[in-house]
Each structure stands twice: as structure tokens, then as C-alpha cells.
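**Student:** need coordinates for the following:
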Amino acid sequence: MRVTGAPPDRRTHPAIPAALVAAGMLLSRISGYVRTALISSVFGLSWYADAFYAALRIPNFLQNLLGEGVLSASLIPIYSGLLQNSRQEDADRVARSILGLLTLVTALVVLVGVIWTPQLVVLSGNGYTGEKFALVVTLVRILFPGIGMLVLSAWCLAILNSHHRFFLAYFAPVLWNAAMIATLIVYRHSDPAALVIPLAWAAVVGSVLTIGVQVPTVWRIMAPRWTQARHQIDEHVRRVIASSIPVFFSRGAVQVSALIDTAIATLLPDGALSALYSATQLYQLPVSLFGMGVSAAALPSMSAAASGNVPDVLRERLLGGERTIAVLVIPSMVAFLAFGDVMIALLLQHGHFTARDTRYVWAALAGSAIGLLATTIGRLYSAAFFAFGDTRTPMRCALVRVTLVGALGYLLAVIVPPLLHLDALWGTAGLTGSAGLAGWVEFSLLRRALKKRIDGVGIPVGFLVKTWLVALVTALPATALRWTIAPHHTLIRGVVILNAFGWLYLAGGYWTGLLTIDDLRGILRRRAPKPR
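**Tutor:** Residues are numbered from 1 along each chain as shown. Coordinates of the predicted model:
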């Protein structure tokens, strides 16, 4: 069923946008893993890597606060709704006005960030002092302008997504990673102290490339009417601004949570922040591909359905998205818990990154896996609220999550390990585990609120039980392979075990009816299963 008035474009088929988003994100994540692997190989779990990741978190706060999350929630629903009602001129005026405001705010924040960097580093709760503190300050000053450009890149993403141009916007970050990968390869034999500064400058170059690759397509979309789109604050622009305020605070709450994690990690031994970041990179793959991928692809069509008062379409996309996410995320959870060390060794255990480092990162990854399903479906639920123009409910739920993460994170990361006579570095698992538990609380609150708007929200218990059984049963033979391949053969071990689990799960999913032949073909072609 298609919303009345929607163009008969095959890109609007439910499976295709999700596939394009997933393909772009997959390439972006692969390049991100290459970058992380090279950083790990060059720096290991050292304080140089800690300083780089700590510095990246502070300006990244700006990107996440003003960037994709806010614009996806506030601009896309209104912009897509105007396009849906054939009001192209109004849509262009809104987009142009928001770009002007975003540019002004971003420029001011970047200027403040560069001038008052030491104060921002202190306010972030960073526990570093002396040489470490000075290095973080230097890196933040370099990174801030580049992150500001990534905020403007998020505006391009909103425009492209609204016009069903999904792949390019999610592929663009590959260039950000590529700039750092090239630098790491060229300077890989340099002293870590001499490499960390060029690495930060490479991130700035990558930011320029990221926005530059999107501008030509956005210009082709909007150029014919650009001079006709008057720059003014009309009712639609005011609606975007008004709806962005709760999202701003919601995203701010999430980013404060990330800064809290960083601050707590700086209280732990050297390498804790690097371990946390490495685990996050792996954890974010299913979140990005399945949670963000399905949600980002569904948001424009759900917004159009809400605007056109076609609730059946919205319900269909929501329920199909839930099942798609479950079928793909549950085996990811099992893989992280059962084979996390195999993945980490395959990707990162090279150079200065040791088997001991692998164990610490695996513990952090296992903690993250606790809340993986809740987090990914929670993103879809938030997108449904955004489609209704309700940004306040996700904000309130996010605030609850942040409060829990801060309290539980400090308890499980700093206080509990000494009581259990554990190495303090195991506190990183406490940080990620607290985030996982808080993710389930946020998910429960979102689902309860969404049930008041849409009937039938939630995956049937029988479907969930079947998916878990298939994932757990097919993991057993792959687990047995752990004892037949020596741990030091990281490449062979990783390829054999992970491929065995993947293929067995696909076969089990087909045999039990979780996946169809079309779904299997789609997965092999990097497409998401069709919503059912």
C-alpha cells in the first residue's frame, strides 16, 4: 500500500531504501574498522590512543547535538510532508532557511570551542592532567572545525533522504575514514607521539571530503529553484525549530551520557578509553545497519503517511521494521557474546594490540550486547514518534536513560571491580553493561508510549522465541570450532568460526520460516529482509 500522492518511484519500495542505507552504512563501517584496526596496531591500548579518542568525543558532541539526529527528527518530517503535498517551493524555502541558521550556530560554536578549548576539556570531566591534558587540548582545537563541517553534512543527508537518495549520504563518511587510513599507512612506522597530530589533521581533511562529495547532488536537486526560495522564517521553519528543541535536549542528554562514559573511563588505567571506543565500533555495526538503517529509511515514508493520515502504512512499516531488526540483531547479540574475542582478534589483534587487549575489549563488547536489541528497536520507535511530530516523548525517555547510565556506570566501573578484586581495567565492561541495562529501560518506556498511538506495537513472543532458538542452536557448532583452531591463528580462526555461524543461522532461519528465499538473496546482496 502506497500513500496517496506519492510518486511511483521504485526507490520508495520499503525494502529498497533500507537496503541503500544499509549498503552505505556497511561501507562506512568497514572503513571505520580499517581505521580502528590501524590505530590499534600503531598505538595499542595506550594513552596516545586514549587522548585521541577523548579529544574526538568533545567536538563530536557538537556533531551529534546539531547534526543528523536533530535534523532527521525535525527537518525531514516537515520537508517530506511539504514534498508529499506538492509544495516544492515551500520545502525549498524551509531547507534554505534551516541551512542558514545551522551554519550560523555551528560557526559560533566552533569559534567558542577553539578559543575556550581548555575550559571545555575541564568541563567534560576529563581526568587527564599534565602532558595528557595538553595533548587533548591540542587535538580538540584541531578537530573542532572539521566536526563543524560534518554538522553541515547532516543537512545534506536530510535533503538527500527526503528525495529518496539514501546511499550517498551514508557512504560519504567513508571519505572521512579514508583520509585517516591514508595518514596511518603513510606514517605507520613513525613514533606514536609524532603521529597523533597528523591523524587529527587528517580527520579535518576527511570532513571536507565528506561534505564535498554530497554537495553536487544536493545542488542538482535544489539549484533550479534555489534563487526562488526566499530566506525567511515562516511557519514551517518555526515548526522545524520548535520540534528540534526537544530533540536537541534529547540528543544532548545522550551526548552527555557519552561524555560521562569518557570521564569515568579517564579514571581507569591507561587503555580503558581505547578499549571502550574499540568495543563501541563493533557494537555500532548492527545498530547502524539495522537500527539506524531501517529507521532512517522508514522515517520519510512514515512521515508522509502521518501527514497524509494513512495509519495503515505507518503501522505496516513499524511492525515490519521490528521483525527485520529482530531477525538480524539477535544473532549479532549471540555472536558478540560467544565469538566477540574471535572478532576482535581478527580485526584488531595486530602490532601493539595484544591478546590481553582483546580480552578487555571483548568484556566491554559483551556489556554492550546486553542492550543491543533494545537500542536498535528503540531507534525505530523514536522515528515513529518523529513521524507524528512528537519529539518530546523520545526526549523524556532519553533523559531517564542518561540518569541511569551515569549512576550505574560509576557504580559498576569504579566501585564494583575493586570490591571483587578485579583489575581496574575491567571497569570498561561495567560502563557498557550499565548502558545496556539503561537501554532496556528506555525501550520499555518508548514502547509503552507508542502503544497509546498505534495498535499492535511489539514483536510477538513466539517470533522472538523462535529467533533466539535458531541463533543459539546454530551457534553451538561454531562454538565447537573454537577448540579445534589454535588461538594464535587469528585470521583462519575468525574467518572459519564467523562464517560457520553466519551460514548456519541463514540456513536455520530459512528452515524455520524466519527468512524466505528472497530474504536470503537480499542479505547476500547486502539488502535488508523485506518487512512482513
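**Student:** could you find the closest non-adjacent residue to Val470?
**Tutor:** Gly508 (4.3 Å; CB to CB, 6 or more residues apart in numbering). All C-beta spots, glycine's among them, are computed from the backbone N, C-alpha and C.
**Student:** gap between that neighbour and Leu328?
**Tutor:** 14 Å (CB to CB, to the nearest Å).
**Student:** using the three-state scheme, assign His352.
**Tutor:** coil (DSSP: H, G, I helix; E, B strand; the rest coil).
**Student:** and the closest residue to it other than its chain neighbours, how many neighbours?
**Tutor:** Closest residue to His352 apart from its sequence neighbours, by CB to CB, 6+ apart: Gly44 at 3.2 Å. Using other CB atoms under 10 Å, Gly44 has 20 neighbouring residues.
**Student:** ok, Gly44 to Gln88 distance?
**Tutor:** 54 Å.
**Student:** my read: the residue nearest to His352 touches Leu348, true?
**Tutor:** No. If you go by CB atoms under 8 Å, Gly44 and Leu348 don't touch, sitting 9.6 Å apart.
**Student:** quick one: common contacting residues for the two?
**Tutor:** Asp357 (CB atoms under 8 Å, 6 or more residues apart in numbering).
**Student:** circling back: could you check which of Gly508 and Leu328 is surrounded by more residues?
**Tutor:** Between Gly508 and Leu328, counted using other CB under 10 Å, Leu328 has the larger neighbour count: 24 against 21.
**Student:** and the more buried one, what element?
**Tutor:** Under the criterion of DSSP states H and E, Leu328 resides in helix 311-348.
**Student:** and that helix, which residues are buried?
**Tutor:** 313-336, 338-348 (16 or more other CB atoms under 10 Å).
**Student:** and this protein, what are its domains?
**Tutor:** The record's domain parsing of the chain by automatic domain parsing lists 13-459, 464-527.
**Student:** mind listing the helices for the stretch 301-450 of the chain?
**Tutor:** Remark: helices assigned in the stretch 301-450 of the chain by DSSP state H, counting those that start in this stretch are 311-348, 355-369, 372-387, 392-410, 416-419, 427-451.
**Student:** okay if I get those helices as JSON lines plus mean pLDDT?
**Tutor:** JSON lines is the format used below for the helices of the stretch 301-450 of the chain (pLDDT from 0 to 100):
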{"stretch": "helix 311-348", "mean pLDDT": "85"}
{"stretch": "helix 355-369", "mean pLDDT": "89"}
{"stretch": "helix 372-387", "mean pLDDT": "84"}
{"stretch": "helix 392-410", "mean pLDDT": "85"}
{"stretch": "helix 416-419", "mean pLDDT": "88"}
{"stretch": "helix 427-451", "mean pLDDT": "89"}
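**Student:** Asp261 is nearest to which of the ones you listed?
**Tutor:** Minimum separation from Asp261 across these (CB to CB) falls at helix 427-451, 5.4 Å.
**Student:** buried sites along the helix or strand just after the closest one?
**Tutor:** Counting by DSSP H and E, the next helix or strand C-terminal to helix 427-451 is helix 461-480. The neighbour-count check on helix 461-480 (16+ other CB under 10 Å) flags 463, 466-468, 470-471, 474-475, 478 as buried.
**Student:** stretch 497-505 too?
**Tutor:** So, applying 16+ other CB under 10 Å, buried residues of stretch 497-505: 497-498, 500-501, 504-505.
**Student:** let me know the closest of the residues you listed to Ala51.
**Tutor:** The closest of these, once distances to Ala51 are taken by CB to CB, is Leu498, at 32.0 Å.
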